[in-house]
Each structure stands twice: as structure tokens, then as C-alpha cells.
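**Student:** Have a look; sequence and predicted model below, questions after that.
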Amino acid sequence: MNWQDLQIVAPELFVLLMACGLLILDLFLSEQRRGILHLVSVLTMALAAIITLRGHPALEQTGAVMAFADTFVRDGMGDLLKVFAYMVMILVFVYSRYYLKQFNMYRSEFYSLSLFALLGAMVLISAASLITVYLGLELMALSLYAMVALKRDDRKATEAAMKYFILGSMASGMLLYGMSMIYGATGSLQISEISLAVAQQGSDNMILVFGLVFMVVALAFKFGLVPFHMWVPDLYEGAPAPVVLFISSMPKLAVFAMAIRLLQDGLSSLHTDWSGMLIVVAVLSIVLGNLAALAQKNIKRMLAYSTISHMGFVMLGLISGTATGFGASMFYVITYALMSAGSFGVIIFMSSKGIEAENLSDYKGLNQRNPWFAAMFAMLMLSMAGIPVFVGFFAKWLVIQAVVDAGLIWLALLAVVFSVIGGYYYLRVIKIMYFDKAVDENPIQAPSDFRAVLSVNALLMLVLGVFSSPLISACMAVF
Amino acid sequence: MPIQEIFFYLFSVIMVTAATLVISVRNPVYSILFLILTFFSAAALWIMLEAEFLGIVLVLVYVGAVMVLFLFVIMMLNINQSRVNEGFVKNLPLGIGVALVMLAEVLMVLWYKSQTGTDTYPLPVPHEQGYSNTAEIGERLFTAYLWPFEIAGIVLLVAIVAAIALSLRHREGVKTQSIPLQVSTEKRDRLEVIDMPVEHVENN
């Protein structure tokens, strides 16, 4: 280790410092001044973004830099994902403050655990060795398990936390087993060395494919893909809304990076093997996710199934195994994280007096109660459905194009058909908001920062849709 | 057969048998005891591989600390075994089915491996005298694996924070001792001296 290594991991060190700092800061704050924690967290994200971007130009010339005896890699993909992760975290903090206050959860642990989860995600995004992949994933997951259980007296939340914890640990076990097989076959934990060894041995070595299967299972679990999706709806329904907002957005970016690191950087020579496996989970996720979402009356469950289908779409880009395919997937996962954060922002916005607005019927006549936010929610839903002009359309377009380029026309057709079917349940939300009569006619109140950020978040769906090319080219450029 | 191989098979058989018993015995206390046996055998295997430090740490940390804690928890909780086993018979066929499919797949891989015989790994060579496993691990841990090592430390920190966040609660109306209040109390807070006329009670 030397000074240069520390400079490379500066964003991680900063986030770690602030996460620990928040724990100590909390001791000196009275109940009324908890707002400082919130402010510090948001500022941390802004500063982390500056630190990451400041270190980035030096990177452009060299491509990727390694640190700490090649266990940490910093490259364009990692930096881009990290910057968006900070952005999503700011959304999470701003939206959740309102909820945490109402539901008596306004404690420093929420903030420090969030930052620890972010740190885990950053380690995972920058992992260059199987050990750091695993440790980053565990750091993120452990913080998330605890956050789901923070609402201790709620039976549903505790049940969700238990399910998430047990199934998550099983997935980690699968990942470790797969990794041990890969290690056994290649004799290295370094992803770059694994890549070389695999290129030599190819898929003749059954042990490699055997290990790959377990890794894909773990990845599918973390993405929430069918048939490893059972935890997703229960977790979304049971966990407190800010935590679901968190789980549905930021970790997806990290797990995407994990998929790239393991499948592309490490096992790209086994592309024919893993693309076949991904096709199966992608098809099942898109079909089951969209069909099951149709039947949901609880909006959190509906969004859970919608996540499953969206993650299926993310897989479409990976299947092609080309740089444009990965870029398309990355664009999809980034825009999905923003969309999902906005949608859960609206759910928090609608929750009041200790009751979450979980049922679709709670959204009846939202247009009469608050026309501006009804329009914002409508934009988010249209973007999720993939209606043109909104960014969700371009995301779907790119991944489907990648599949067509790979020669899998049937898969592209299936994706299009099911995204049309999926359009129904998003449009149903809009119908409920605009054409059903409101049951509760009280206007909705929320703090002004919340309103402003939510508006920006929703309008971003339109802006990114109209001016999509900078982000698309940024995503394409890093592969 | 060299003596090492005999010991390897001895420990392996004990380990696999004990591991099977961990999940098949009814009494959770016995399960823990078998788990301890499993760890012991694993430690012995590690020591045979010249990983003495890991072997000793496994015994000290897992057997000495973690398992004892487990025993405490199980004895304190008084788990109702009949409820734990509910649904065991119902789910058994499905479980066996899945397990058999997985076993078949694993065996296929092993069979394939033995057919092609692509052993990419040479047998481990014994180290020369004076080789210190502990020093070697220490050196690797703080050079090649420094970053993972630090992250593992943070994982433990998160575990502490999470455990405290989930278990510490301030309940209203609980009578607890306040030591500063007790110490700073003075005589006049507790004792009231009242002037009262002396009463004479006459004995009959």
C-alpha cells in the first residue's frame, strides 16, 4: 500500500469516514436537531461525487487503475455507476426523512447503515478479485437486512427482514460455492487472471461451468430474477417504504457491476454457457413479472413484480455479450434506479399519519387532490411502461436492439409483447388517479424540499428521454 | 498406503458423518456437539495441510467461542422440537427430489472430470523446515489482502451497529436505577426532620 493507493480509493474512504462520523455525531445531537444528520448525509453524497469526478480525469488516459495489490479496480464503468449511486442516495435521503419522522424511525442508524450499504456497493462496483466481490456484496446486504428490520414492532417488516436475510444468506452461500469451484479450476482469485486461465481452458473444463451455474444463481437472486424472485414481493410489501425505495434502486446498480465483473471481466470465454442461462431467467422474469403484476392490488407488490420484469430486461443487454449490449443494460439499470426511486418517492408522499398508501385505491382521484404530483406520478408510470418520449422507452429500445443484433429475434418479439402487456398495469394507475373519484379529499402535505426533489426526479424522466444521447453515449463509452 | 492418507480418510469420514448427524439428530444440543466434532475434524485436516494457524484458530474461535455461545442460546430458548419439525414430512419428497437432481449433476461433473483427467493442479509439496504458516498468513493479510481485510473489519462494524440498532430500546415506564441521581442525593432529599410533641402513653 502507498499514497497512490489511498488516492485511488479516496471516495470509498470518504464514505467510510462519514458513516462512522455520523454514528459519533448522533451522540451529541438532541432529538430536535436530528436534521443535521440528514444534511450531513446529503452533503456527503455531494462531496463524494466531487471526489469521484475529480479523480476521474487522471483515469481517462490510463483506462483503468488498480490498487491494493490488484484487489481494487477503478475504471470508467465504476465511476459512472458510483456517481449515479450517490445521486440515487440523495433521492433516498430526501424522500425518506418525511417518512422516518412520521413513523418514528428518525434515528442515526438509518443514515449510517445507508452509508455502509453504499460503501459495500462501491466496493462491489470496484471489485477486481473474487474476495472483494463477496465482501462488498456482504457489506451491502448485511446493512440492508438490518435496515429492513429497523421497524421492529411491525410484524410484516420483521417477517420480510427474516425472509430477506435467510434467502440472501443462501444466495451468498451459492456464490461462495461457485467461487470456490472457479478458484479450484483456475487457481486464482484475481478476476483478470481468472479470465486468462478460462480463455486457455475454455468450456471443456466442466468444473468452470459448474461454478458458473452457482454464480449465475446468486446473481439472479440478487437481481430478483425468476425463479429466484420469491423474496421480492414479500420484501417490498413488508419493509418500510424508504427501505424499499433504497433496495429497489441503489443495489441494482451494484449488482449490475457485479454481473459485469464476474461474467464479462472474468468468464467472458464462457459466454455461450452463461448467455444461455441468462436467456432462461430473462424470459421467465419478463413473462412472470408482467403477468403477476396485473393481478396486484397493493401498489408495493405491483412495483415488486414490475422490478422483476425490468431486471429481466436488463438481462437482455447482457445476453448479447457485446459492448453495445452492456452499455444498453447499464443505461437501463441507471434509468430504472431513478424511476424506481421516484415511484417510491410518490408512495412516501402519499403516506400520512402513520399509514402507508399501499393500496391502489388510495390513489383514487389524486388529480383532484394534487394535480401537479398526479402528473409527476403519471410521468414516472409512463416511463416505466416504456412509452416514447420518456426515458424508459429508450432504455427498452436499446436492450431490445442489442438482442436483435445478437440474432435472437424471438426474444426481442417476446420482450415487446410483454412490455405491451405490462403497459396495462402502469396505465391502470394513471386511470385510477385521473378518472376515479377521490375517497379522501384532503390535500396532501409534504415539506418543500421533498416536493422540489420529487418534481425534479419525475421531470428528469422526460428530460433524459428527450436528451437521451449524452447518457447513452457515456454508458456505451465505458465498455 | 502412506500414513498421511490413512489419517486423511479417517478425519474425512468422521467429518462427513458428523456433518450428516448435525442435520439429522432431533435434539439441537446434540446437533451442536456434532458440529463441534465436524470443526475438530476440519481443523485436523487443515493442520495436515500445514495450515496450522487456521486449524488452531478454528478450534479456538469456533469451538471455543462461537459454539459455546450457540449452546447457551439453544439451552436458553427452549425450542419446541415438534413445531420445528412440522412440515418436515410434507416437504420431504420435494426436498429429496431436488437434492437427488443436484447430486446427479455433481456426480456427472465428477465423472466427467475423472474421464478427461484434466488435473490442472499439482499435488501440494511439503514445506521445508522452519516454515511458519502464521507469519506467512500475517504477511499476506497485510500486503496482498489488505483491502479485503479492512472491508471485513467494516462488515463486523456493521454487524455491531445493526445488532445494537435492532436490540436497544428505550421503553417508557421501566423502573431503572439512575446512578448519578443516587450519588448526588443529599440527606435533606431523603430525610425529613419533623418537630412533634412527645406523647406520653400511660401504662395501665
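**Tutor:** Great, that's in hand. Residues are numbered from 1 along each chain as shown, chains lettered A, B, ... in the order given.
**Student:** what does chain B have sitting close to chain A?
**Tutor:** B:105-106, B:109, B:112-113, B:116, B:118, B:120-121, B:143-148, B:151-152, B:154-155, B:157-159, B:161-162, B:165-166, B:169 (C-beta under 8 Å from any C-beta of the partner chain). To be clear about C-beta, it is placed using only N, CA and C from the backbone, and glycine gets the same treatment.
**Student:** Now intersect those residues with the strands, please.
**Tutor:** Among the residues of chain B next to chain A, none falls in strands (DSSP state E).
**Student:** which among those end up buried?
**Tutor:** Among these, the ones that count as buried by 16 or more other C-beta atoms under 10 Å in any protein chain shown are B:109, B:112-113, B:144-148, B:151-152, B:154-155, B:157-158, B:161-162, B:165-166.
**Student:** Any idea which residue is closest to the centre of chain B?
**Tutor:** B:Val66 (3.6 Å; C-alpha atoms, centre = their mean).
**Student:** so it sits in a helix?
**Tutor:** Yes: remark: B:Val66 belongs to a helix, assigned using DSSP: H, G, I helix; E, B strand; the rest coil.
**Student:** check contacts around it.
**Tutor:** Contacts for B:Val66 (C-beta atoms under 8 Å, 6 or more residues apart in numbering or on different chains) come out as none.
**Student:** low pLDDT regions in the stretch 351-479 of chain A?
**Tutor:** Within the stretch 351-479 of chain A, the stretches falling below the threshold (pLDDT under 70) are A:353-354.
**Student:** and what of chain A?
**Tutor:** A:1, A:58-59, A:61, A:203, A:353-354.
**Student:** Enumerate every residue touching the residue nearest to the spatial centre of it.
**Tutor:** The centroid of chain A falls nearest to A:Lys252 when counting by C-alpha atoms, centre = their mean (2.3 Å). A:Lys252 makes contacts with A:Phe223, A:Met311, A:Val314, A:Val333, A:Tyr336, A:Ala337, A:Ser340, as judged by C-beta under 8 Å, 6+ apart.
**Student:** cutoff 10 Å now
**Tutor:** A:85, A:88, A:121, A:222-224, A:307, A:310-311, A:314, A:332-334, A:336-337, A:340 (C-beta atoms under 10 Å, 6 or more residues apart in numbering or on different chains).
**Student:** out of those, which touch chain B?
**Tutor:** Among the contacts of A:Lys252, proximity to chain B is found for none (C-beta under 10 Å from any C-beta of the partner chain).
**Student:** Buried among those residues? Make that a PyMOL selection.
**Tutor:** Only the buried entries of the contacts of A:Lys252 go into this PyMOL selection, using 16+ other C-beta under 10 Å:
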select buried, chain A and resi 85+88+121+222+223+224+307+310+311+314+332+333+334+336+337+340
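**Student:** which one of the contacts of A:Lys252 is nearest chain B?
**Tutor:** Of all the contacts of A:Lys252, chain B sits closest to A:Ala121, with 12.2 Å by C-beta to the nearest C-beta.
**Student:** Sticking with the closest one, tell me its helix or strand.
**Tutor:** Per DSSP states H and E, A:Ala121 falls inside helix A:108-125.
**Student:** Render the CA-only coordinates of the next helix or strand after that helix in CSV, please.
**Tutor:** Next in sequence after helix A:108-125, counting helices and strands by DSSP H and E, comes helix A:130-148. The C-alpha trace of helix A:130-148 is given here as CSV (Å, rounded to 0.1, in the frame of the first residue of the first chain):
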residue,chain,number,x,y,z
LEU,A,130,-13.5,-12.6,-6.0
ILE,A,131,-12.9,-11.8,-2.4
THR,A,132,-13.8,-8.2,-2.8
VAL,A,133,-16.8,-9.1,-4.8
TYR,A,134,-18.0,-11.3,-1.9
LEU,A,135,-17.1,-8.8,0.8
GLY,A,136,-18.7,-5.9,-1.0
LEU,A,137,-21.9,-7.8,-1.5
GLU,A,138,-22.0,-8.9,2.1
LEU,A,139,-21.3,-5.4,3.4
MET,A,140,-24.2,-4.1,1.3
ALA,A,141,-26.5,-7.0,2.1
LEU,A,142,-25.9,-7.0,5.9
SER,A,143,-26.7,-3.3,6.1
LEU,A,144,-29.8,-3.8,4.1
TYR,A,145,-31.1,-6.7,6.2
ALA,A,146,-30.7,-4.6,9.3
MET,A,147,-32.5,-1.6,7.6
VAL,A,148,-35.5,-3.8,6.7
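**Student:** now the following helix or strand past helix A:130-148, how far from the centre of its chain.
**Tutor:** Tracing the chain C-terminally past helix A:130-148 and defining elements by DSSP H and E, one meets helix A:155-186 next. Counting by C-alpha atoms, centre = their mean, to the nearest Å, helix A:155-186 is centred 18 Å from the centre of its parent chain.
**Student:** Quickly check: helix A:155-186 near chain B or not.
**Tutor:** Yes: Helix A:155-186 reaches chain B (C-beta under 10 Å from any C-beta) through A:Thr158, A:Ala161, A:Met181, A:Gly184, A:Ala185, A:Thr186.
**Student:** Buried by neighbour count: which residues of that helix qualify?
**Tutor:** A:157-161, A:163-165, A:167-168, A:171-172, A:174-179, A:181-182, A:185-186.
**Student:** what helices or strands is that helix leaning on?
**Tutor:** Using 3 or more C-beta pairs under 10 Å, 6 or more residues apart in numbering or on different chains; DSSP states H and E, the elements in contact with helix A:155-186 are helix A:130-148, helix A:191-201, helix A:206-223, helix A:231-238, helix A:241-247.
**Student:** quick one: that helix to helix A:231-238, angle?
**Tutor:** 150 degrees (axes from the mean of the first three to the mean of the last three C-alpha atoms, to 10 degrees).
**Student:** okay, the angle between helix A:155-186 and helix A:206-223?
**Tutor:** 160 degrees.
**Student:** how far off helix A:130-148 does helix A:155-186 point, in degrees?
**Tutor:** 180 degrees.
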